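> Sequence and predicted structure below; questions after.
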Amino acid sequence: MKVRSILIACLLIVMLPCYSVPLQQNDQKNIPSEIMLTIGGDPTSEYSVTWRTSGDDTEAVAEIIIAVAHPKFGKDATVVKGSTVTEYGESKDRNSHKVRFSGLQPGTRYSYRVGNGKEWSEWFQFTTARKEKEPFSFIYLGDVQTDIKSLGSRALREAYTHLGHEASFMLFVGDLVNSSSDNHWSEFFYAGGWMLGSLPSVPVAGNHEYRGKVFSPHWSHLFGMPQNPPATEYQDRFYWFDYQGVRFVGLDSPVMNKDNKDIHTILRWLEEALKENPNQWTVVFTHYPIYSCSAGRDNEAYRDLLRPILEKYGVDMVLQGHDHTYCRGFNEANITGDVKNPPLYVVTVAGPKMYDLNSDTWGDVTGEDTQLYQHIKVENDTIFYDSYDVTGRLFDSFRLEKNENGVNRLVE
């Protein structure tokens, strides 16, 4: 009798799934992926987030709330609706979504998630800037560009592991990918993963974000930058923002040439951004170097456009990429006129693609064949700069001090 009961019980267990109601499952194609957080305007209150889905959803919705430790906070979150572009990318089989957050509180930790109102991402967290001029830091990365999954990834991940707990954002100076296509951007998101949804990115385009003279159709679907360009067509490509005592100005260098019909508009916009600057420090970031480090490269026409403006308004640092080497210095031998603060120029590379150094380089510190990431910390009258290789070894270090008269002094 006991054996019979056991057999019946086993038979019921085997048969039970045949008569049970299947679990309701979400459509995985509508689950957000490739989530990118950016500074969307005033960093004390405005941020943007973009993401992709491969389903049929056309809704872009985010929920955001001041972060708390209690796990049931989501029911009180604010709903923010965004925009969707269908048939996105070369394959036309995905949707791209964007939401802009505004009216956030300064110096506040927020939790957010994105989706279509039914299917959601995980919850991410970020912190807004403070209104006051308080110390902060950021990560500066040169060209990631090639072999991103296998080798570019270690620069992104080492930088975040080492510095992400302290940094306020990641600043990219162009050529994030080798070709602005679905596959290459997916590789970039594979390398960055959830970090890109947690620590805001601040990018400018490089020449590899172009195909010939055609700008990437992906760019504005991936990044939602401050809405203060020199003209509407340059949205997300030229912008500036103020962060706790520093004005950051981002330039799309590949279009900055005398043949561009808008070049005078762009240069006038740049002068206004530098002239009307109430901050103690000014950082310009762009892809093409003012002074090249690599053999066989020298963009004299580009330099002639920008250098006088950078010197005139006392830009403190110019952060650059493109040359796949490392150089740092003032290049004082080439300063023209009476300049109060000559700009300090830096060129660096994060990815594995490398070039040879010029035999007669202008840099006070140089390097080649080394993947690098930089940590820049601003503390009132001092900027602390540290460059690390991807093993975590300190490669270059200095501080830039500004005295009471606004004059800079570099200390090795």
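In hand now; what should we look at?

> going forward, measure contacts and count neighbours with C-alpha atoms only.
Will do.

> how about the helices of this protein, start to end?
Applying DSSP state H to the chain gives helices spanning 2-19, 153-163, 182-192, 195-198, 219-222, 263-275, 300-312.

> Centre of the chain to the second one, how far?
Shown here is helix 153-163, whose average C-alpha point lies 14 Å from the average C-alpha point of the whole chain (C-alpha atoms, centre = their mean, to the nearest Å).

> What residues sit buried inside that helix?
153-160, 163 (16 or more other C-alpha atoms under 10 Å).

> could I get those residues as JSON lines with pLDDT and distance to residue 144?
Formatted as JSON lines, the buried residues of helix 153-163 follow (pLDDT from 0 to 100; distance: C-alpha to C-alpha, whole Å):
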{"residue": "153", "pLDDT": "98", "distance to residue 144": "8"}
{"residue": "154", "pLDDT": "97", "distance to residue 144": "10"}
{"residue": "155", "pLDDT": "98", "distance to residue 144": "8"}
{"residue": "156", "pLDDT": "98", "distance to residue 144": "9"}
{"residue": "157", "pLDDT": "98", "distance to residue 144": "12"}
{"residue": "158", "pLDDT": "98", "distance to residue 144": "13"}
{"residue": "159", "pLDDT": "98", "distance to residue 144": "12"}
{"residue": "160", "pLDDT": "98", "distance to residue 144": "14"}
{"residue": "163", "pLDDT": "97", "distance to residue 144": "18"}
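
> Residue 255 is nearest to which of the helices of the chain?
Among the helices of the chain, the nearest to residue 255 by C-alpha to C-alpha is helix 263-275 (8.1 Å).

> roughly how far is the closest one from the heart of the chain?
23 Å.

> Kindly report the same for stretch 385-402.
Centroid displacement of stretch 385-402 relative to its chain, using C-alpha atoms, centre = their mean, is 20 Å.

> which residues touch that stretch?
With contact meaning C-alpha atoms under 8 Å, 6 or more residues apart in numbering, stretch 385-402 is reached by 154-155, 158-159, 162, 365, 370-377, 381-384, 408-412.

> pull the CA atoms of that stretch into CSV?
Extracted C-alpha coordinates of stretch 385-402, given in CSV (Å, rounded to 0.1, in the frame of the first residue of the first chain):
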residue,chain,number,x,y,z
TYR,A,385,46.0,65.5,-12.3
ASP,A,386,47.0,61.8,-12.3
SER,A,387,47.4,59.6,-15.3
TYR,A,388,47.4,55.8,-14.9
ASP,A,389,48.1,52.9,-17.2
VAL,A,390,45.6,50.1,-17.3
THR,A,391,47.5,48.1,-14.7
GLY,A,392,46.8,50.9,-12.2
ARG,A,393,50.4,52.2,-12.3
LEU,A,394,50.9,56.0,-12.0
PHE,A,395,52.2,57.3,-15.3
ASP,A,396,52.1,61.1,-14.9
SER,A,397,51.2,63.4,-12.1
PHE,A,398,51.1,67.2,-11.4
ARG,A,399,49.0,69.9,-9.9
LEU,A,400,48.0,73.2,-11.3
GLU,A,401,47.7,76.0,-8.7
LYS,A,402,45.9,79.3,-9.3
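
> Can you name the two of the buried residues of helix 153-163 that sit furthest apart?
153 and 163 (15.2 Å).

> Which strand residues bridge residue 379?
Under the criterion DSSP bridges, residue 379 forms beta bridges with residue 382.

> Quick one: residues contacting it.
Applying C-alpha under 8 Å, 6+ apart, the residues near residue 379 are 134-136.

> tell me the contacts of residue 237?
Residue 237 sits next to 204-205, 229, 250-252 when contact means C-alpha under 8 Å, 6+ apart.

> Just name the closest of the contacts of residue 379 to residue 113, please.
Nearest to residue 113 among the contacts of residue 379 is residue 136, at 25.4 Å by C-alpha to C-alpha.

> I figured the closest one was touching residue 167, is that so?
Yes: contact status for residue 136 versus residue 167: in contact at 7.0 Å, counting by C-alpha atoms under 8 Å.

> Let me have the contacts of residue 237 in TSV, extended by pLDDT and neighbour count.
Listed next are these as TSV, based on pLDDT from 0 to 100; neighbours: other C-alpha atoms under 10 Å:
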residue	pLDDT	neighbour count
204	98	28
205	98	28
229	98	20
250	98	26
251	98	27
252	98	23
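
> and those residues, which of them are in strands?
Among the contacts of residue 237, the members falling in strands are 250-251 (criterion: DSSP state E).
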